[in-house]
Structures are given as structure tokens and as C-alpha cells.
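Visitor: Mind folding the following:
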Amino acid sequence: MKAIRHTGIVVRNLDKALNFYKSVLGLKVQKKMNESGKYIDNLIGLKGVKVKTIKMSADDGNLIELLYFESHPRKNIKRDICDIGYSHISFTVEDVDREYERLKTSGIKFSSVPQVSPDGKAKVVFCQDPEGNFIELVEQLIRKQEG
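Guide: Predicted coordinates:
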């Protein structure tokens, strides 16, 4: 493996998810696509796929991809952070307390208030996006010393 290319997040409400990741978290839209046809059907093993995708980037270039399946709607399943499978996506932030207050004011649900890690190197908090997916916000408290 050379790099992580992107993280895909299936959403029930594309407009609401796009607003959250773009307007609330500040990611930038890089590409929007409507995908259907033999290629996507074969690729993911479903028939008659119609999916809208939006690739979004953070300032460091890392990507997430929002996927809205028009052809295969699913109901939202309540997941806990400890459920088997992908559990969360993590973002580095400058000031986790400021982000906590800003997002909480926007109605974002948090698991707790920000906590300092046992080794004192980070301050961390978990919240959820509008679809219930877990997001970890991390502020590095101790910067690597330049050598």
C-alpha cells in the first residue's frame, strides 16, 4: 500500500451531509459525479446502481467521499462506536475546545467534553455527523521537535 486514497461514507440525505462536511467542518468539494451502468454494477456487485458521489478534501489533501445510492436506499442503522467494522474518521484540528463549542452550538451531538489523552500529547473528543457516523477531533498538544 502506498497511501490511503479516501474514506467513503454512505449517506441517507446528501444535502444535509454535504452541508455538514462543507459548511460546518470546512472540507472542500473536489469532484461530483453521478455513476451508473455496467462498470459500477460490476465493481460493487449490485444491479442497477445509481449513485451520486462527492469527493471532498481537507487542507492536507486527504479525501472523504459521500455516496448517495438513489437505486438502493437503506434505512439508517444505529451504530455504537464499539460495533464491528469501520468506526470513525479522525480530523486534526488547531483548537479542539473551540471546535467543540462551535459545533455544539450548531447542534452537533458529542459523546463527552474534550479529554486530554493519558500521555498528555493530545486533546480529543468524539461527535457524530447528521447520519450518526462518529468523528474524532484531535488537537496535538506536544509538537514534534525539529532535529
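
Visitor: contacts, neighbours, all on C-alpha from now
Guide: Will do.

Visitor: Looking at Lys31 now. What's its pLDDT?
Guide: If you check Lys31, the pLDDT there is 97.

Visitor: Now do it: how many residues are near it, please.
Guide: Look at Lys31: counted by other C-alpha atoms under 10 Å, it has 11 neighbours.

Visitor: Quick one: distance of stretch 100-119 to the chain centre.
Guide: Distance, stretch centre to chain centre, for stretch 100-119: 16 Å (C-alpha atoms, centre = their mean, to the nearest Å).

Visitor: what bits of this structure have low per-residue confidence?
Guide: Scanning the chain with the threshold set as pLDDT under 70 gives 143-147.

Visitor: That one: helices as residue ranges?
Guide: Under the criterion DSSP state H, the chain contains helices at 14-19, 38-44, 96-105.

Visitor: so can I have a markdown table of those helices showing mean neighbour count and distance to Val51?
Guide: Below are the helices of the chain laid out as a markdown table (neighbours: other C-alpha atoms under 10 Å; distance: least, C-alpha to C-alpha, whole Å):
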| stretch | mean neighbour count | distance to Val51 |
| --- | --- | --- |
| helix 14-19 | 16 | 11 |
| helix 38-44 | 12 | 9 |
| helix 96-105 | 15 | 29 |
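
Visitor: can you redo those as TSV with distance to Lys75?
Guide: Formatted as TSV, the helices of the chain follow (distance: least, C-alpha to C-alpha, whole Å):
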stretch	distance to Lys75
helix 14-19	14
helix 38-44	19
helix 96-105	26
